[in-house]
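**Q** Build me a structure from this.
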Amino acid sequence: MEADNPKAHELVPVEALRSGDPITDVHGGGEHYKVLESKPFGEGCVVLELESLANDQFRVIEKSFPAGYQFGRSARRFL
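**A** Numbering: from 1, shown residues only. You can find the predicted model right below:
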């Protein structure tokens, strides 16, 4: 995680994420994302629509996570 950002060590449960939040998947390889949309799905699951930047290309992906899954706040910002 990025040490120069005081929020870099803050963990946030998936249920608390909102559109526009910059996050890092600290348990899944450290990828950086921007949350585009968060949708509860059934009991105990949240589906996130995420934007990522890899190899100078933006991607939009949709992933599901169990309730309680935690993300790190990211200092990385997308344009």
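
**Q** Determine the number of other residues adjacent to Arg73.
**A** The number of residues packed near Arg73 is 19, by other Cβ atoms under 10 Å. Placement of C-beta: from N, CA and C, glycine included.

**Q** Bridged to it, which residues?
**A** For Arg73, the beta-bridge partners under DSSP bridges are Ile23.

**Q** wait, isn't it in contact with Val12?
**A** Yes: the criterion here is Cβ atoms under 8 Å, and Arg73 meets it with Val12 at 6.3 Å.

**Q** which residues are in contact with both of these two?
**A** By Cβ atoms under 8 Å, 6 or more residues apart in numbering, Arg73 and Val12 have these common neighbours: 21, 23.

**Q** could you pull out the helices for the protein?
**A** Using DSSP state H, no helices are found in the chain.

**Q** can you tell me how far Leu17 sits from Arg73?
**A** Taken as Cβ to Cβ, to the nearest Å, the spacing of Leu17 relative to Arg73 amounts to 10 Å.
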